[in-house]
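Undergrad: Need a 3D model of the following:
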Amino acid sequence: MLKRFSISLEENLLEIFDKHIRARSYTNRSEAIRDLIRKAFVKKEWQADKLVMGVISLVYDHHQPNLQDKLTEVQHDYHHHIISSTHVHMDHDNCLEVIIVRGKAKEIQELSDRMIALRGIRDGHLAMSSTGKSLH
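TA: Got it, this is the predicted structure:
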């Protein structure tokens, strides 16, 4: 069941919000507000160390000595959290590795931090999400 309510915003904040809505192709303000509220509560689930799923993206120089071995070692240390991984050759020197993970938020963050901190990782990012079951 949907409930209506109204909010008041400063004019400049509303302009910024409307630009955000257009940039993300929302059809109306309500959809955008619902999305922001859900994201805030999903973030609370991460902070409460709930079960999450995530994607770790790594871009690295495959010429970096021992990097592949170190990545494999870290992944084996967390093998129970790794669902799948994909390795892509971006060009002659660079690789992209995408690792799908599941587990307690703190452990997934720890896994991601360990890999991103390795010498030779040019860029790394963790995107975590949950089912948001508590929001239904």
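Undergrad: can you give me how far the helix or strand of the chain at the bottom of the mean pLDDT ranking is from the chain middle?
TA: Confidence across the helices and strands of the chain bottoms out at helix 29-47, with a mean of 81, counting by mean pLDDT, DSSP states H and E. How far helix 29-47 lies from its chain's middle: 14 Å, per Cα atoms, centre = their mean, to the nearest Å.
Undergrad: can you list contacts of it?
TA: Residues outside helix 29-47 that contact it (Cβ atoms under 8 Å, 6 or more residues apart in numbering) are 7, 17-18, 20-21, 24, 26, 52, 105, 128-130, 132, 134-135. Using the backbone N, CA and C atoms, a C-beta is placed for each residue, glycine as well.
Undergrad: All the helices of this structure, residue numbers only.
TA: 11-23, 29-47, 67-77, 105-116 (DSSP state H).
Undergrad: just those: most buried one?
TA: helix 105-116 (a mean of 18; mean count of other Cβ atoms under 10 Å).
Undergrad: Mind checking the pLDDT average for that helix?
TA: For helix 105-116, the mean pLDDT works out to 95.
Undergrad: And the contacts of it?
TA: 45-52, 54, 56, 58, 71, 74-75, 77-78, 81, 99, 101-103, 121, 124-126, 128.
Undergrad: Specify the angle between that helix and helix 67-77 in degrees.
TA: Between helix 105-116 and helix 67-77, the angle comes out at 170 degrees (axes from the mean of the first three to the mean of the last three Cα atoms, to 10 degrees).
Undergrad: relative to helix 29-47, how tilted is helix 105-116?
TA: Using the same axes, to 10 degrees: helix 105-116 against helix 29-47 is 90 degrees.
Undergrad: Keeping just the C-alphas, turn helix 105-116 into PDB.
TA: Output of helix 105-116 as PDB, limited to C-alpha atoms (Å, rounded to 0.1, in the frame of the first residue of the first chain):
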ATOM      1  CA  ALA A 105      29.800  -7.200   5.400                       C
ATOM      2  CA  LYS A 106      33.000  -6.800   7.500                       C
ATOM      3  CA  GLU A 107      34.600 -10.000   6.000                       C
ATOM      4  CA  ILE A 108      33.700  -8.900   2.500                       C
ATOM      5  CA  GLN A 109      35.200  -5.400   3.100                       C
ATOM      6  CA  GLU A 110      38.300  -7.000   4.600                       C
ATOM      7  CA  LEU A 111      38.700  -9.300   1.500                       C
ATOM      8  CA  SER A 112      38.300  -6.300  -0.800                       C
ATOM      9  CA  ASP A 113      40.700  -4.100   1.200                       C
ATOM     10  CA  ARG A 114      43.400  -6.900   1.100                       C
ATOM     11  CA  MET A 115      43.200  -7.200  -2.700                       C
ATOM     12  CA  ILE A 116      43.000  -3.500  -3.500                       C
END
